[in-house]
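Enquirer: could you work out the structure for the sequence below:
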Amino acid sequence: MFGINRQRKRWQWPTMLLLFIGLSTHAQQLTVTGKVSSGDDNMTIPGANVIEKGTGNGASTDFDGNFTISVNSGAILVFSSIGFSSVEIPVNGQQEINVILQTDTRTLDEVVVIGYGTSRKSDITGSVSSVKSEEISAYPVLNAQQALQGRAAGVVVQSNNGGEPGAPISLRVRGSTSIGASSAALIVVDGFVGGDLPQPNDISSIEILKDASATAIYGSRGSGGVILVTTKKGRQGKMRIELNSSYSIQQVTNRLELLDAAQFAPYRQAINASYTPGDADTDWQDLIYRSGNISNHQLSFSGGTDDIKYYASGNYFDQKGVVINSGFERFSFLSNVDVQAMERLKLGLSLYGNRDRKNGVASQASSGGRAGGDVISLAYRFAPDRPVQDENGVNTTNPLGDQFENPVAVARETVDDTRVDDFRANFYADYELLKGLSFKTTFGFSTENRLRGRFQPSTLTVQAGGQGGIASMETLKATNLLSENYATYTNTFGKSELTAVLGYSYQKIRREQFGAAAQNFITNSVSYFNLGSGSVLLPSFSALTEQEIISQFGRLNYQFDDRFLLTFTARRDGSSNFARNNKYAFFPSGAVGWHISNESFLEGNKTISDLKLRGSYGVTGNPSISPYQSLASFQDIYTVVGAQTVNAVVPRQLANPNLKWESSYQTNIGLDFGLFNNRLSGTLDYYKIDTEDVILGDSSTPEYIGFTNLTALRNIGEISNKGFEITLSTRNITGSDFSWTTDFNWATNKNEVVKLIDGQDIFLNSAPGSFLQNQTHLLREGEPVGVFYGYQYQGVNQGGTLPEGTAGYPGTGAGDELFTDLDGDGQITTDDRMIIGDPNPDWTAGMNNNLRYKNFDLNVFFQGSVGGDIFSYTFLELASGESNATTEVLNAWTPTNTDTNVPSAAVREKRMTSRFVYDGSYVRLKNLALGYNLPQEVVEKMGMEGIRVAISGQNLWTITDFPGTDPEASYRSNGNYDSNVNRGFDYGSYPNLSSITLALNLKF
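Expert: Presented below is the predicted three-dimensional model:
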C-alpha cells in the first residue's frame, strides 16, 4: 500500500499540471453559431464545411445553412462549399458569425467528372449531362438507374417489367446504336468499368457522357453512352452520422375492365350456345393483386482528418410486391477510405457488396396456353364463373380453349427464387511524380454468385401434374478483374493550359454456369432443394466463357486564353471476342469549343453571362458479340441407335475470321448558354450517329450436305440515329424566404435502318408461343428499327358489297373483320401486310420544379414520352374469343347492333392487325414531395444537426390514351432485356405502381 501511495504522489504534479492546462483551455473555449449564405442569390447553403483551421475540428451547415461549433476563442474558421470561394474569419471571441460565400466559377467547374479525370465545366467540349444527388434520392427506388428517368435529355430509362420487384432496367442514351448487340449505356462506378450501381443515397453525382468527344475515351464500349457514377466520400471534420428511412405503400395504377360472371355467360353462349355457366363470380385481378409496400433504411458514417477521410454506409431494402407471393429484399454496404499516405502519395479503397433475394411470380411468359402462362395474363383470360378450387379442394383449370391453370394457384404454389451475392473492391494509388505530372494505378475485382431455383408442384395439374412436379436449379459465378494505369500531365504557360492523359487498361471477365432439372417427385415438400429425389432427371447444362480486353488510351485538352478549346481523344482496344484478323480497333475523336462570352465584345454584357459553342466528331465502338461467336460452332443433338439414346453434334454456325467491331461515327454540335446572370441557363445539342459494320446473321451460305439454315455472322448492316436535345434551368424566384427553380429537358431521336443484307427485309417475331405467329415486326431499309408488321384494320364487315380497297379472310362474312386489300385481289393474304406502327417515341421530356418557403420545400416532377406506338398482345388475345374478354365485347356487332367497330363474338385466329396498335404517349406526375426541416433551435436541443420529414407520392397521375395497364409497357418474349428490335410490345407485364411515401432524415 505504501508503494501505491508513493506512485500516486510521483504523478500528482504532472496530473495537476495537465488538469490546469485543460481547465485553462476549456475556459477559452466558446460555442460559435451562425449562418452561411450565397452572395449570388442570398439563399442559405446547406452542407457547407466549417473547419477550425489547423485542426480536425469541424461542422457542417444544416438544411437552413445554420452551424454550431465549439472552438478556441482565438481560432480561425474556414468556410467552404463546392462552387464557392473559401473564406477565413478569425473568431476573436465572437459567438455569432454569419458568412456570405461568393460564387467561384473556377471551383464550380472543377467538380465535373469525365472519363479518367475531372474537368472544369467551362472547358468541356463534349455533350455531358449531370444529375444531382438530391435528384437521384428524391424517392425510394431499388436501382439508381430508375431515378434517372426524365432527369437528362436523350436518356431513356424503362423498367422491363413494370413495377415487378427487382425487375431489370433498360437505360439508353440517344437511341439504339445496334441491331443484334446491346445498346445499353456503359456504367462506370468510381472508375470501375461495368460496376453495379449502389443505392441512391450513396451516390454523390452522376455524369452522363453522350457524344464521341466524351465517350471515345472508353472506345469499344462507348457507342451507347457512358454513365459515370461517383459515390460519396468522407470529408474533414468530426464523424457525421446520417439515417435515411422511408416507408411506401403501393397500389396498382390501373386494371383492365373485364367481363364478370353475369356478362361472361351470354358472351360465351353467343359463341357456343351449349356453354354451361359456372356458379362462381370471381374477380381474378382482385385475388392476385394486393397492397404492396417498400421499407428502405440507410445508416451512414463519414468524417476524417487532414490525412484520412472515410465514408461507410449500410442499406436495407425490402419490397412486398402488389402481386401475391412476389417480393425483393436487399442488404448492401459501401465503404470509401481515402488516405494521404505521403506528401505526394494518395491511396484509396472502395468496397461494395449486396445480397439480394427475389421471390418471383410468372409474368411476361414466353408462351401461353398449355405450355404454362404467366400470372398476369392468366388473370385476364381465366373464366370468371369458376372458383379457385372446386368442391374437392383441387385447383380449377380454364374450361375453354387451351387448358391452363388459374392464376391464384400459379402465384401461390409456383416457387421462383433468385439469390444473388455481389462484391466489388477497387483500390487506387495516385502519386505525384513531378509538379504537374501524376501517375494513378487502380486495381479492381468484382464477383457475382447467382442461384435461381424453380419448382412447379404436382398440384398444378396442367403444368406439372402429369410430370409429378418439376424442379430446376441454375447457378452463375462471374468474376471481373480490372487493372488501369494512367499518367496525367497539366501545365499552364502564358495564356495556354494543357492537360494530357495517357494510359493502359486490362480487363478479364469469366463466367461459369451450371443447371440441372428433374421431375416426378414423391412429395412436393422438397421444392428444388433435392433434385436427386426426382425419378426422372432432365438434361443438365454447363458453360464457361472468358473474355479479355486490352486497351491503350489517351486524351489531350488544350485551352487558350479561356476562349478557345481543343480536345483530342483516342483509344485502341483489343478483344478476345473477335476474329483473328480484327481483334484490335482504333477509336478516335476530336472536339473544339469557343467560349464566346469571354470575348471582349461581350465583356460587361448584362444579358449574356455565359455562351460557348462546341462541336465534336469521333468514332466509338460496340463489343457487338459474345465470346466465341466469330468461330464455327456446333449444337448438341440426341438420337436413338437401336434401343440406346446417343448424343452427337451438328453444325450451327460458320466461322468468320474477318468479323470486326461495329463502329458508330458520331457528330455533335452544341451550345451552352447563361442569361441574366445565369438566372436562365441551358444547353442545345444536335447529334447524328451512323453505325456501320452492324453484325447480322447471313444465312445465304452454301448448304452443307444434310444441314440447312446455317448462318455466319457478317458486318453488313448500317443504322442511323439523329436528334435534338434541350436542357434548361431557371431560377424563377431567389428570395431569402421563398425560392423556386425549374429544370426542363426535351429530346428527339429519329432512328432509321440504312442498310441490310442485299436490301432484303428481316422478319422478326416476339409473339407468345401460343399465338402461332412467326412474323410480328421487321427491319426494312429506310424505316425505323422494329416497326410493327401486319394487316391494316378497316372495321367490321356489314354484309353485302364491301367498301372499296377492303377484304376479309376467306370464309368470313357479316360481323367479321375487314382489312386493307393492298394488292386488290379481293382476299386477304400475307401479301396484304404492311407497316402498322412504330414503337420509337418522337420525343421524351422531363420537368422538375423545386419550391422552398422557409423550412418547407416542395418538389413537383413530371416525365413523359410522345409518339411511340404499343402493340398489345393482351388485347389481341382477349379479343380472340378463346376465353374471357374486355367489356368492349358488350358492344360487339350483331344484326341489331351494326354501328360498331367491334367484330361479332367468335373464336378468331390471333393476327397482327392495326386494331391492337395504340398510341403510347403519356405525361406522368412522377413525384410530388413535401418536406419540412425542423428549426435549428429545436434540433440543437436534441443534440442533433438536422431533422427532416417528408411525404411524397410517385406515379400519382398519368395522362394517356393507352387503354392497357401502363403505357411504359415492355414485353420481352425472348428474355433479351437489351433488345433493340423487340420494343413497344405489351403482354402479361407486371403492372406499374403508384406509391405514397413517408421519409425521415436524421443527422447527428
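Enquirer: and residue 754, what does it touch?
Expert: With contacts defined as Cβ atoms under 8 Å, 6 or more residues apart in numbering, the neighbours of residue 754 are 690, 717, 718, 719, 720, 781, 782. Where C-beta positions appear, they are placed from N, C-alpha and C, glycine not excepted.
Enquirer: which of those sits closest to residue 697?
Expert: Nearest to residue 697 among those, counting by Cβ to Cβ, is residue 717 at 10.4 Å.
Enquirer: for that closest one, give its distance to residue 693.
Expert: For residue 717, the distance to residue 693 (Cβ to Cβ, to the nearest Å) stands at 8 Å.
Enquirer: residue 536 contacts residue 520, doesn't it?
Expert: Yes: at 4.6 Å, residue 536 counts as touching residue 520 under the criterion of Cβ atoms under 8 Å.
Enquirer: report the central residue of the chain.
Expert: Against the mean C-alpha coordinate of the chain, by Cα atoms, centre = their mean, the closest residue is residue 145 at 3.5 Å.
Enquirer: what sits against that one?
Expert: Counting by Cβ under 8 Å, 6+ apart, residue 145 touches 157, 169, 171, 197, 227.
Enquirer: residue contacts, the second one?
Expert: Contacts here follow Cβ under 8 Å, 6+ apart; on that basis residue 169 touches 143, 145, 146, 157, 158, 159, 160.
Enquirer: may I ask which of those has the most neighbours?
Expert: Sorting the contacts of residue 169 by how many neighbours each has (other Cβ atoms under 10 Å) puts residue 145 first, at 25 neighbours.
Enquirer: the closest residue to that residue other than its chain neighbours and residue 162: what is the separation?
Expert: Counting by Cβ to Cβ, 6 or more residues apart in numbering, residue 145 lies nearest to residue 169, which is 4.4 Å off, once chain neighbours are set aside. Distance of residue 169 to residue 162, given as Cβ to Cβ: 12 Å.
Enquirer: more neighbours: which of residue 536 and residue 520?
Expert: The residue with more neighbours, out of residue 536 and residue 520, is residue 520; 16 against 12, by other Cβ under 10 Å.
Enquirer: show me what contacts the more buried one?
Expert: Residues near residue 520 by Cβ under 8 Å, 6+ apart: 467, 468, 469, 534, 535, 536.
Enquirer: ok so, going back, who does the residue nearest to residue 145 bridge with?
Expert: As for beta bridges, residue 169 partners with residue 159 under DSSP bridges.
Enquirer: for it, report the pLDDT, please.
Expert: Predicted confidence (pLDDT) for residue 169: 83.
Enquirer: what ranges does the stretch 851-1000 of the chain have for its strands?
Expert: Listed in chain order, the strands of the stretch 851-1000 of the chain (DSSP state E, counting those that start in this stretch) span 856-866, 869-872, 917-919, 922-933, 946-960, 985-986, 993-1003.
Enquirer: still on that earlier bit, most neighbours, which of the contacts of residue 520?
Expert: Using other Cβ under 10 Å as the neighbour criterion, residue 469 leads these with 25 neighbours.
Enquirer: which element is the nearest residue in space to residue 673 that is not next to it in sequence on?
Expert: In space, and not counting its chain neighbours, residue 673 is closest to residue 611: 5.2 Å by Cβ to Cβ, 6+ apart. Following DSSP states H and E, one finds residue 611 within strand 608-622.
Enquirer: over to residue 429?
Expert: Assessed by DSSP H and E, residue 429 sits inside strand 415-434.
Enquirer: that strand - contacts with which helices or strands?
Expert: Judged by 3 or more Cβ pairs under 8 Å, 6 or more residues apart in numbering; DSSP states H and E, strand 415-434 is in contact with strand 345-359, strand 437-456.
Enquirer: now do that strand, average pLDDT.
Expert: Mean pLDDT, computed over strand 415-434, is 95.
Enquirer: and the angle for that strand with strand 437-456?
Expert: Taking axes from the mean of the first three to the mean of the last three Cα atoms, to 10 degrees, one finds strand 415-434 and strand 437-456 inclined to each other by 180 degrees.
Enquirer: direction included, what does strand 415-434 pair up with?
Expert: Strand 415-434 sits in its sheet next to strand 345-359 (antiparallel), strand 437-456 (antiparallel), going by DSSP bridges.
Enquirer: residue 260 versus the nearest residue to residue 844 once chain neighbours are set aside, what's the distance?
Expert: Leaving aside its chain neighbours, residue 844 sits nearest to residue 865 (4.8 Å; criterion: Cβ to Cβ, 6+ apart). Distance, residue 865 to residue 260, using Cβ to Cβ: 34 Å.
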